[in-house]
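K.L.:
Below: sequence and its predicted model.
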Amino acid sequence: MAISFLLAERGEADQSGLWEALRSGAYVAVMRHALAPGTGDPANFALGDCSTQRNLSDEGRGQARRIGERFRAEGLESAVVLSSQWCRCLETAEVLGLGPVDELPLLNSFFRDRAREGEQTRGLKAWIAARTADVPAVLVTHQVNITALTGIFPASGEVIVLRVSDDGEIAVIGSFETE
């Protein structure tokens with residue numbers, strides 16, 4: 001498995017620094033759900049009914065498993081794991097195997113309702129800024145949410161590492177993904 005790192009602040013591929021930051025608990029890992037073929041959701045989408053949603057493929061489940069293995073190999077045996085209520089995100093979060101998964105509606109997709117983008121993104125920023133920084137946190141969500149929060153268009157399964165800067169803004173520290 002190849003992991004690529006992009007350390008935005010340091011401009012170098014310092015894997016140990018990124019993992020050290022995550023282990024400290026002061027940083028947050030925001031992950032796009034693993035591979036789920038297609039775009040958006042079917043017209044009959046219903047929250048809580050996975051048969052109406054775009055779901056992980058076998059490849060996506062393998063991708064999530066490998067990402068969880070990488071976290072553990074880097075000394076992150078467990079984390080606070082929060083997920084969008086979409087089935088593909090919940091399954092990704094479960095397969096990571098980093099701890100119990102709790103739903104956080106702030107991570108739900110607004111792909112179909114862009115009017116929610118501003119309020120929801122502000123709410124997520126406030127949640128990240130207010131969290132206690134003693135336990136690593138992994139948030140599993142959607143491309144639109146990550147792009148609104150960071151300006152990054154993540155690949156499926158890509159993990160973006162964030163911190164809250166001194167001025168209260170979200171700062172991207174780096175990212176990694178499986179290949």
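P.N.:
Received, thanks.

K.L.:
so what's the spatially most central residue of the chain bridging to?
P.N.:
The residue lying closest to the centre of the chain (CA atoms, centre = their mean) is M31, at 1.8 Å. Per DSSP bridges, the residues bridged to M31 are V140, V159.

K.L.:
show me the contacts for it.
P.N.:
M31 sits next to 67, 92, 138-141, 157-160 when contact means CB atoms under 8 Å, 6 or more residues apart in numbering. In short, each C-beta sits where N, CA and C put it, glycine included.

K.L.:
got it, and V144?
P.N.:
Neighbouring residues of V144 by CB under 8 Å, 6+ apart: 109-111, 117.

K.L.:
do that again at 10 Å, thanks
P.N.:
32, 40, 109-112, 114, 117, 120-121, 153 (CB atoms under 10 Å, 6 or more residues apart in numbering).

K.L.:
ok but L82 is inside a strand, no?
P.N.:
Yes - counting by DSSP: H, G, I helix; E, B strand; the rest coil, one finds L82 located in a strand.

K.L.:
Skipping its backbone neighbours, what lies nearest it in space?
P.N.:
L104 (4.1 Å; CB to CB, 6 or more residues apart in numbering).

K.L.:
cool, I170 as well?
P.N.:
I170 sits nearest to L162 (CB to CB, 6+ apart), 5.4 Å away.

K.L.:
Let me see the contact set for the one you found.
P.N.:
21, 27-30, 125, 128, 137, 139, 146, 149-150, 170-175.

K.L.:
just the buried members of those residues?
P.N.:
Buried members of these, scored by 16 or more other CB atoms under 10 Å, are 21, 27-30, 125, 128, 137, 139, 146, 149-150, 170, 172-175.
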